[in-house]
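Chemist: Fold the following for me, if possible:
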Amino acid sequence: MDDNLEQSQYDEPTESDKELTEWVVSHTDKWRDYRDQNYLSDWQEYERIFRGQWAAEDSTRSSERSRIISPATQQAIETRHAEIMEAIFGQGEWFDIEDDLKDVNGTALDVEQIKAQLMEDFNRDKIKKAVDQIELMAEIYGTGIGEIAVKTEKEYAPATQAIPGVQGQAAIGVTEKDRISVKLVPVNPKNFLVDPNATSLDDAMGCAIEKFVSVHKIVEGMEKGIYRKVDLGIDAPDDDLEVTEEVVNYQDGRVRMLTYYGLVPREYLEQLENEEEVADLFPEDSLADDYCELVEAIIVIANGGKLLKAEANPYMMKDRPVMLYQDDTVPGRVWGRGTAEKAYNMQKAIDGSLRMDSDARALTAVPMMAMDATRLPRGAKFEVKPGKAFLTNGDPNQIMMPLRFGTPDNSSVMASQNYERLLLQATGTVDSAGMPSAAPRDAGAGGMSMAMAGIIKKYKRTLTNFQEDFLIPFINKAAWRYMQFDPERYPSADVKFMPTATLGILAREFEQQQFIALLQTLGPDTPVLPLILKGILGNSSLSNRNELIAALDKMSQPNPEQQQQAQMQQQAAMAKLQADLALLQAQTQKTSAEAQQTMVETQLMPEELRVKVVQAAATNLDQDADFAKRMKLADLMLKEKDIDSNERISMMQMQAKTKAT
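Modeler: Here you go, the predicted model:
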C-alpha cells in the first residue's frame, strides 16, 4: 500500500460490506470458471495465430520441428476488420439524429446542434480509435465489448488578459475549465465476466470487468473520495488476466480490480425498514431468499476481497455502462463467433502442410554424413565448414558417405494453397490473388457478381449486429450521460439515433461498377444521367465528394432566364400550332361545303334534263313513229346522264374525304 495513506485512515469494512463482497465474488468466480473452461484456451490460441506467435501446444504432430505460421488468418481478420471500419466511418458522418420529442409547448429541438456537439466530443475523446480496437477484438475472439467511462477533465486553452493599470499590454497565459468526458474503453473478452445463463447483457443478472490497474490510479481515486480508503495488500499474479500474452509479465505496482455492473440484494446496500418482511417472503435457507429484492448497482472490489465502492446505479436511465455485440451470431449464448474461429481448422491444415514441407526441405538442404566411427581419430568433432579438413584413418571415400533423402515433394505446398482457398471461403474474405467462391473463376461478370453479392451479405450481417447491439446503444448511453452531467450543453430531450453506416469499400466498389455499367447501357443522353452521377459520387471516397455533389445539383437546376425564354418559345410554338390547326379546320369546312353543294347540283341535273327531254318529245305529237324514236333516244340519254352523275358524286365524296384528312 502507498505511504500516502496512514494505517489509521483505513475504513474498516462492515458486515454488510463483507456479505456484499462475498456475494459478488462468489458469483463472478463461477462465471470465470465457466468462461475459462469453455473459451479461454481457444481465445489464447486465436491471439497467437493473429500475432504469428508459436507455442508448443500449437504443434500439429510430435515430430514437427518447423515453427512457421501461415498469415492466412491474419489476412482474413485484417480484411474483414478494414471492411467493417470503412463501412462504419467511411462516409464521414456515422450516425444521425431524429427528433423523437413530442413538442407539447411548441418548442422545437435543435437536433443538428446536438449532433454537431456529439460529433465534436466523440472526436476529442477518440471514440473512433476505441471502436477500431473493439471491432478488431470481435474479429479475433468473436465478441466486441466496450465500457463507458464518465470523467471530469481539465481543459486548457491559450488566452490573453489585460494587465490592470498597464495600458496597451496583456498577459499571455491559459484558461482552465472542467469538461465532462464520456470515453469508450475497449474490453478484452479475457477480462470480461457475464452471467452464463443470459443470451444478452440486458437479461443477464450482471457482468463484471476485471483487470490490473496501476496502484497510483487507485490511490488517486481514494484521495478524491471516489473509492474507500482500504488496505489493498498484494494479490497473486495471473497470466490469464493479461490483455496480451507476454514472455514475462510485469507485476509491480498493480492492483487487481473487479468492477461489477448488475443486480445485488438491496439489504447489502442499505438497511431497509421492512427487512424482516422481506426475509419472511421465503424460507431462510431457500435459493430464492438470496435473489429477492435485487437492485441495479455498481460494485468495485480490489485484490479479490477489498471493497472500494458500492452504490446503486447512479445513472438516470438505470442502464449498465457496458455494450457487447457478436461478430457472427451464435444463438443461445452471449459469446459470438469471430473470423479466427471460422478459419481455425483450415489454418491448422495450412500450418501443418507448410511445416511438413519446411521440415522435408531442411533434411535435403542441410548436409548429413554417414561415417565409420571406428576409423575416425579419437575426439574428432565433425563440422561442415568451407575449407574444413577431416582426418581419417584410411580412405575417406570408404569412411565418410553423404546421406541423402531425395528431393522434397511439392504436393504439401499445393495442398496448403488449396487449404488457403477454403479458409478464405470460410471467412468470406477476398485475397490479393482473386476471389474464392463457388462460382467458377471463368464465369465472367455474372459469376463474379454472384460471388461478390455473397461476400457483401456476410459483411452486412456483422454490420447489423454492430449497429443494433453496440453502436446505437453506445450513442444513446453517451447522450444520456451528457444530458445528466452536462445539462447546459445537452438539454434533456427524447431523441432517436440512427446509424448511417451501410456499405464498406468492397460493397461500394461493387455498386460503382453497377452504376458505370448502367450508364454505358443508357448512354449520355439519358434523362436519369444526373441521378446516376450523383450515385457514383455518393459512393466514392473522394475528399471533396460533397462539393462535387453540390456542384452537380447546381448544374441540374435550370437557369431562370433560360427557363423563361424556353417557356416563351414553348408558348409561341403552341400558339402557332393552334393557329395552323384552326386554318386547317376552316379549309376543311369550306371544302366540305363545296362538296355538298356540288352533290346537290349533281342530283338536280337529271331531273332538269328529264323535263327538257319530255318537252322535246312532246313537240310534233302527230307523227307517232317519230315520237316513239324520240322517247327511246331520250330514255338512253337519261340513263347515260344518270351514270355520269353517279360517278361524279363518288369522285367528289372521295376528294372531300381526302382534303378532310
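Chemist: Nearest residue to the middle of this structure?
Modeler: The residue lying closest to the centre of the chain (C-alpha atoms, centre = their mean) is residue 463, at 3.7 Å.
Chemist: Name the SS class of that residue, please.
Modeler: Of the three states, residue 463 takes helix under DSSP: H, G, I helix; E, B strand; the rest coil.
Chemist: so it touches residue 84, yeah?
Modeler: Yes: here residue 463 reaches residue 84: they are 6.3 Å apart, a contact under C-beta atoms under 8 Å. The way it works is simple: take the backbone N, C-alpha and C, and place the C-beta from them, glycine included.
Chemist: sorry, back to before: what's the distance between the residue nearest to the centre of the chain and residue 232?
Modeler: 43 Å (C-beta to C-beta, to the nearest Å).
Chemist: what's the answer for residue 93, then?
Modeler: 45 Å.
Chemist: Out of these two, name the residue with the larger neighbour count.
Modeler: A direct count of neighbours by other C-beta atoms under 10 Å for residue 93 and residue 232 places residue 232 higher, at 21 against 10.
Chemist: Show the pLDDT at the more buried one.
Modeler: With respect to pLDDT, residue 232 scores 80.
Chemist: quick one, what contacts it?
Modeler: Neighbouring residues of residue 232 by C-beta atoms under 8 Å, 6 or more residues apart in numbering: 1, 215, 218, 255, 302, 303, 306.
Chemist: same thing but 7 Å
Modeler: Residue 232 is in contact with 1, 218, 255, 302, 303, 306, counting by C-beta atoms under 7 Å, 6 or more residues apart in numbering.
Chemist: For the residue nearest to the fifth one when sequence neighbours are not counted, grab phi and psi.
Modeler: This means residue 303. Among residues not flanking residue 303 along the chain, residue 235 sits closest, at 3.9 Å (C-beta to C-beta, 6 or more residues apart in numbering). The phi/psi pair for residue 235 (degrees, to the nearest 10) reads phi -110, psi 150.
Chemist: Next: the one 3 residues further on.
Modeler: When read as degrees, to the nearest 10, the backbone of residue 238 gives phi -140, psi 100.
Chemist: I'd like the distance between it and residue 479.
Modeler: 37 Å.
Chemist: do the same with residue 201
Modeler: Separation of residue 201 from residue 479 (C-beta to C-beta): 19 Å.
Chemist: Equivalent analysis for residue 59, please.
Modeler: Applying C-beta to C-beta to residue 59 and residue 479 gives a distance of 51 Å.
Chemist: Give me the more crowded residue out of the two.
Modeler: Neighbours per residue, other C-beta under 10 Å: of residue 59 and residue 479, the larger number sits with residue 479, 20 against 16.
Chemist: quick one: what helix or strand has the more buried one in it?
Modeler: helix 472-485 (DSSP states H and E).
Chemist: Mind listing residues that contact that helix?
Modeler: With C-beta under 7 Å, 6+ apart, helix 472-485 has contacts from 95, 118, 146, 148, 150, 180, 182, 184, 315-317, 319, 321, 323, 489-490, 492, 497, 499.
Chemist: Also stretch 169-178?
Modeler: Stretch 169-178 is contacted from outside by 152, 154, 155, 156, 157, 158, 159, 160, 161, 162, 163, using C-beta under 7 Å, 6+ apart.
Chemist: Where does pLDDT dip in the stretch 501-650 of the chain?
Modeler: Counting by pLDDT under 70, the stretch 501-650 of the chain contains low-confidence ranges at 501-525, 527-559, 601-631, 633-634, 638, 640-642, 644-649.
Chemist: and with 80 instead?
Modeler: For the stretch 501-650 of the chain, the stretches with pLDDT under 80 are 501-567, 592-650.
Chemist: Quick one: the helices in the stretch 201-350 of the chain, in order.
Modeler: Assigned by DSSP state H, counting those that start in this stretch, the stretch 201-350 of the chain shows helices spanning 215-223, 275-280, 339-365.
Chemist: right, so these: which one is the most enclosed?
Modeler: Most buried of the helices of the stretch 201-350 of the chain, by mean neighbour count (mean count of other C-beta atoms under 10 Å): helix 339-365, with a mean of 20.
Chemist: helices or strands next to that one in the packing?
Modeler: With contacts defined as 3 or more C-beta pairs under 7 Å, 6 or more residues apart in numbering; DSSP states H and E, the packing partners of helix 339-365 are helix 41-51, helix 72-89, helix 411-427.
Chemist: just checking, what packs against the first one?
Modeler: What it means is helix 41-51. Using 3+ C-beta pairs under 7 Å, 6+ apart: helix 41-51 touches helix 72-89, helix 127-141, helix 339-365.
Chemist: Now tabulate the ones you listed in JSON lines and tack on distance to residue 245 and mean pLDDT.
Modeler: JSON lines is the format used below for the helices and strands packed on helix 41-51 (distance: least, C-beta to C-beta, whole Å; pLDDT from 0 to 100):
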{"stretch": "helix 72-89", "distance to residue 245": "16", "mean pLDDT": "87"}
{"stretch": "helix 127-141", "distance to residue 245": "13", "mean pLDDT": "94"}
{"stretch": "helix 339-365", "distance to residue 245": "14", "mean pLDDT": "88"}
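Chemist: With distance to residue 193 as extra columns, can I get those in CSV?
Modeler: Formatted as CSV, these follow (distance: least, C-beta to C-beta, whole Å):
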stretch, distance to residue 193
helix 72-89, 25
helix 127-141, 14
helix 339-365, 20
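Chemist: Give me the angle between the helix or strand where residue 27 lies and helix 41-51.
Modeler: Using DSSP H and E, residue 27 sits in helix 15-35. Inter-element angle recorded for helix 15-35 and helix 41-51: 70 degrees (by axes from the mean of the first three to the mean of the last three C-alpha atoms, to 10 degrees).
Chemist: which helices and strands sit right next to helix 15-35?
Modeler: Using 3+ C-beta pairs under 7 Å, 6+ apart: helix 15-35 touches strand 192-194, strand 254-265, strand 294-302, strand 306-312.
Chemist: buried set for it?
Modeler: 16, 17, 20, 21, 23, 24, 25, 27, 28, 31, 32, 35 (16 or more other C-beta atoms under 10 Å).
Chemist: and if you look at stretch 250-259?
Modeler: 254, 255, 256, 257, 258, 259.
Chemist: Please name the nearest non-neighbouring residue to the third one.
Modeler: On the basis of C-beta to C-beta, 6+ apart, the spatially nearest residue to residue 256 that is not a chain neighbour turns out to be residue 235, at 4.5 Å.
Chemist: That neighbour: neighbouring residues, count only.
Modeler: The number of residues packed near residue 235 is 17, by other C-beta under 10 Å.
Chemist: And for residue 398?
Modeler: The burial count for residue 398: 10, using other C-beta under 10 Å.
Chemist: Okay, and it sits in which element?
Modeler: Assigned by DSSP H and E, residue 398 belongs to helix 396-399.
Chemist: what comes into contact with stretch 341-348?
Modeler: Outside stretch 341-348, the residues that reach it (C-beta under 7 Å, 6+ apart) are 46, 49, 60, 70, 72-73, 76, 142, 419, 422-423, 426-427.
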